[in-house]
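Undergrad: Generate coordinates for the sequence data below:
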Amino acid sequence: MLRLLLILVLTIVSSKALAYYELDPTLKSVYANTLSLELDRADLLLKRENIEKPGNDLVVLYVNNVFFMKAFISEEQNYFEAFKKNSALTLKKLDERQENFSSPWHSYAKAEVMIQEAIVKVKFREYVSAANEIRKAYRLIEKNKVAFPEFPLNNKLSGLLNVIIGSVPREYHWLVEIAGMDGSMATGTDELIKLYSDINGTDFECYQEEILFYLSNIYTIFNYKDVALNSCLELLKKYSSSGPLMKYCAASIYIKLDRNDEAIQCLTNSLDFTNKFPFYFLSYKLGLCKLRKLEHQAENDFNFFLSTFKGKNYIKSCYQKLAWLSYLNNDLSNYQLALEKCRMNGISFIDEDKEAMKEASSGFVINKILLRARLLYDGGYFEKALAELVGKPIDSFPSYRDQLEVSYRLARIYDKLGKSEKAILLFEQTIKNGSSATYYYAANSALILGGIYENRNEFVKAEYYFKICLSLNNHEYQNSIDQKAQAGIDRLKLEIEKQ
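TA: Just a heads-up that it's a prediction; the model follows:
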């Protein structure tokens with residue numbers, strides 16, 4: 001018994017003395033399992049690693065990654081609370097063994113935990129705490145870049161922080177400045193692109209998948225050019241057999257490239273969650289793609305999402321889409337019932353839910369012709385969308401909103417069909433007629449015109465329209481449209497600097 005106790009004490013002492021950070025083959029497998037949402041498998045490997053290498057403090061970080069993924073994907077309160085508790089323990093453990101402070105991994109690991117906390121806390125509307133985590137992570141990684149300039153993963157977090165800080169809405173920029181932080185989406189994106197190439201063939205190559213996840217979302221959210229989207233899609237093929245997250249990324253790019261049928265195929269193939277943590281949002285996304293083909297079967301995907309997803313976001317939007325399906329099917333009773341459920345369920349946090357709630361509460365009945373045209377356009381079926389609008393009598397669009405949307409929708413369709421001059425005239429008409437309205441048509445027209453001139457390398461005109469976009473206030477989708485316009489201005493600055 002005494003001998004056993006002595007061995008136990010020596011083991012504890014030696015594990016404390018041998019504290020280190022090692023990205024070994026087991027942890028690389030854990031990392032891949034986590035990204036593919038095979039979280040039970042990741043847990044099993046982490047327990048084995050903790051027994052075999054009790055001094056490897058990267059285990060602590062990778063355990064927290066699993067907690068983060070569960071909270072981030074599920075949006076469930078119990079996973080959120082478990083994640084917050086584990087994050088606090090993780091930061092405490094990382095600071096307990098001072099012999100690790102001289103490693104570049106130390107500040108990196110702490111900053112990663114803080115960024116994860118911020119991302120999840122925003123979902124649960126703990127904004128002040130989230131902002132504080134971002135500030136602390138920013139300072140840590142800036143110091144780490146000075147102390148360990150050759151450590152490549154500094155640029156992963158630095159790039160991500162640049163994007164996060166650069167996308168802060170204009171009304172909160174003063175908070176960023178007070179906190180002493182500086183960043184732009186374009187700079188952050190360039191950091192991530194360079195890092196992806198730099199770590200190819202190195203011991204850090206396993207991080208390429210995560211970097212692609214960030215890049216694909218940046219490209220789709222902030223209106224990057226088709227060449228960037230296609231390049232990212234090509235890189236994603238390497239992970240075609242990976243988990244739901246990467247298939248979601250590929251589907252999002254297909255949607256952005258107007259390849260709706262391929263997005264449907266990609267999403268359909270990603271819904272098998274055997275041995276994986278379920279990512280039910282994919283069903284909502286698949287429902288959207290089917291709705292854009294005007295397929296009534298989309299109802300099944302939306303209902304599955306509502307019956308399985310326990311979070312709060314996209315619930316109102318989902319009921320809105322079910323209302324549209326009933327409306328297109330001339331089922332006014334279920335149309336009103338779905339709008340009532342939209343008003344009663346979920347929260348109005350993200351833009352999609354805010355607009356769903358606004359429609360459900362307005363008493364305004366949407367124009368069926370414009371709805372069909374909008375959905376077909378969003379699916380990339382431009383000729384069919386055009387056919388919905390061309391030749392319709394003026395009294396088919398009786399309201400001011402309808403008439404404003406007609407010019408906006410036609411402009412978007414003509415732009416996609418390569419009739420850019422006709423599109424430009426209609427976008428300008430929409431800005432002129434709708435700049436004082438609360439609808440998003442004028443602001444988004446200015447945003448798209450900025451993109452058109454950016455693609456033509458007419459940077460002065462591009463900046464002019466991006467700034468017009470930012471000058472329009474109190475309209476729908478304000479934050480997301482402003483973010484895209486600011487991202488456009490940031491890209492222009494970098495392009496001009498390169499010339």
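Undergrad: So which bits of stretch 454-474 are buried?
TA: Within stretch 454-474, the residues scored as buried using 16 or more other CB atoms under 10 Å are 454, 459, 462-463, 465-466, 468-470, 472. (C-beta placed from N, C-alpha, C; glycine too.)
Undergrad: list the contacts for Leu215?
TA: 189, 192-193, 196, 232 (CB atoms under 8 Å, 6 or more residues apart in numbering).
Undergrad: Let me have those in TSV, extended by secondary structure.
TA: Listed next are the contacts of Leu215 as TSV, based on DSSP: H, G, I helix; E, B strand; the rest coil:
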residue	secondary structure
Thr189	helix
Leu192	helix
Ile193	helix
Tyr196	helix
Cys232	helix
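Undergrad: Could you provide these in TSV, with additional columns for neighbour count?
TA: Listed next are the contacts of Leu215 as TSV, based on neighbours: other CB atoms under 10 Å:
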residue	neighbour count
Thr189	25
Leu192	22
Ile193	17
Tyr196	23
Cys232	24
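Undergrad: any idea which of those is closest to Asp258?
TA: Cys232 (15.7 Å; CB to CB).
Undergrad: I figured that closest one hits Ile253, correct?
TA: Yes - using CB atoms under 8 Å, Cys232 is in contact with Ile253, at 6.2 Å.
Undergrad: Need the residues touching each of the two.
TA: 216, 219.
Undergrad: Spatially central residue for this protein, please.
TA: Asn217 (4.9 Å; CA atoms, centre = their mean).
Undergrad: Flag every buried residue along stretch 297-311.
TA: 298-299, 301-302, 304-306, 309, 311.
Undergrad: Where does pLDDT dip in the stretch 101-250 of the chain?
TA: For the stretch 101-250 of the chain, the stretches flagged by pLDDT under 70 are 169-180.
Undergrad: Could you check how far the residue nearest to Leu339 when sequence neighbours are not counted is from Tyr440?
TA: Using CB to CB, 6 or more residues apart in numbering and skipping the chain neighbours, the partner closest in space to Leu339 is Ala360 (4.3 Å). For Ala360, the distance to Tyr440 equals 17 Å [CB to CB, to the nearest Å].
Undergrad: and the helix or strand harbouring the residue nearest to the centre of the chain, which residues are buried?
TA: When elements are assigned from DSSP states H and E, Asn217 belongs to helix 208-221. By neighbour count, with 16+ other CB under 10 Å as the criterion, the buried positions of helix 208-221 are 208-221.
Undergrad: now swap in stretch 377-384 and tell me
TA: For stretch 377-384, a neighbour-count test (16+ other CB under 10 Å) marks 377-382, 384 as buried.
Undergrad: how about the helices in the stretch 301-450 of the chain?
TA: Taking DSSP state H, counting those that start in this stretch as the criterion, the stretch 301-450 of the chain carries its helices at 315-328, 332-344, 351-362, 368-378, 382-389, 400-416, 420-434, 441-455.
Undergrad: which residues touch His136?
TA: Just to correct that, residue 136 is Lys rather than His. Applying CB under 8 Å, 6+ apart, the residues near Lys136 are 111, 114.
Undergrad: next helix or strand past the host helix or strand of it?
TA: If you go by DSSP H and E, Lys136 is part of helix 127-147. Sequence order places helix 153-166 as the next helix or strand after helix 127-147, per DSSP H and E.
Undergrad: how far is that following helix from where the chain is centred?
TA: With CA atoms, centre = their mean, to the nearest Å as the basis, helix 153-166 stands 15 Å off its chain's centre.
Undergrad: same thing with stretch 478-493?
TA: 16 Å.
Undergrad: tell me the mean pLDDT for it?
TA: Rounded to a whole number, the mean pLDDT of stretch 478-493 is 90.
Undergrad: Pull it out as PDB, backbone CA atoms only.
TA: Presented in PDB, the C-alpha positions along stretch 478-493 are these (Å, rounded to 0.1, in the frame of the first residue of the first chain):
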ATOM      1  CA  GLN A 478     -29.400  47.500 -41.500                       C
ATOM      2  CA  ASN A 479     -26.500  45.900 -39.700                       C
ATOM      3  CA  SER A 480     -25.700  43.100 -42.300                       C
ATOM      4  CA  ILE A 481     -26.000  45.500 -45.300                       C
ATOM      5  CA  ASP A 482     -23.700  48.100 -43.500                       C
ATOM      6  CA  GLN A 483     -21.200  45.400 -42.700                       C
ATOM      7  CA  LYS A 484     -21.000  44.400 -46.300                       C
ATOM      8  CA  ALA A 485     -20.600  48.000 -47.500                       C
ATOM      9  CA  GLN A 486     -17.800  48.600 -45.000                       C
ATOM     10  CA  ALA A 487     -16.200  45.300 -46.100                       C
ATOM     11  CA  GLY A 488     -16.300  46.600 -49.600                       C
ATOM     12  CA  ILE A 489     -14.600  49.900 -48.600                       C
ATOM     13  CA  ASP A 490     -11.900  47.900 -46.800                       C
ATOM     14  CA  ARG A 491     -11.300  45.800 -49.800                       C
ATOM     15  CA  LEU A 492     -11.000  48.900 -52.000                       C
ATOM     16  CA  LYS A 493      -8.400  50.300 -49.700                       C
END
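Undergrad: Contacts for that stretch next, please.
TA: Applying CB under 8 Å, 6+ apart, the contact partners of stretch 478-493 are 166-167, 169-170, 184-187, 221-223, 351, 440, 443-444, 446-447, 450-451, 454, 459, 462-463, 466-467, 469-470, 475.
Undergrad: 7 Å instead?
TA: 166-167, 169-170, 184-186, 222-223, 351, 440, 443-444, 447, 450-451, 454, 459, 462-463, 466, 469-470 (CB atoms under 7 Å, 6 or more residues apart in numbering).
Undergrad: And for stretch 399-417?
TA: Taking CB under 7 Å, 6+ apart as the rule, stretch 399-417 contacts 258, 367, 370, 373-374, 377, 382, 385-386, 389, 397, 422-423, 426-427, 429-430, 433-434, 437, 439, 441, 445, 448.
Undergrad: Now list the buried members of these.
TA: 258, 367, 370, 373-374, 377, 382, 385-386, 389, 397, 423, 426-427, 429-430, 433-434, 437, 439, 441, 445, 448.
Undergrad: before we move on, the earlier item: of all the helices of the stretch 301-450 of the chain, which one is nearest Ala137?
TA: Ala137 sits nearest to helix 351-362 of all the helices of the stretch 301-450 of the chain, at 25.7 Å, using CB to CB.
Undergrad: what's the angle from that closest one to helix 332-344?
TA: Counting by axes from the mean of the first three to the mean of the last three CA atoms, to 10 degrees, helix 351-362 points 120 degrees away from the direction of helix 332-344.
Undergrad: Taking the buried residues of stretch 377-384 together, which two end up most distant?
TA: Pairwise distances across the buried residues of stretch 377-384 (CB to CB) peak at 11.7 Å, for the pair Asp378 and Lys384.
Undergrad: Quick check: buried residues in the helix holding Lys136?
TA: Buried residues in helix 127-147, counted by 16+ other CB under 10 Å: 130-142, 144-145.
Undergrad: how far does it sit from the chain's center?
TA: Relative to its parent chain, helix 127-147 has a centroid offset of 21 Å by CA atoms, centre = their mean.
Undergrad: so what's Pro278 closest to, chain neighbours aside?
TA: Thr308 (7.1 Å).
Undergrad: now do Ala263
TA: Nearest residue to Ala263, sequence neighbours excluded (CB to CB, 6+ apart): Tyr254, at 3.8 Å.
Undergrad: which ones are touching the one you found?
TA: With CB under 7 Å, 6+ apart, Tyr254 has these contacts: 262-263, 266.
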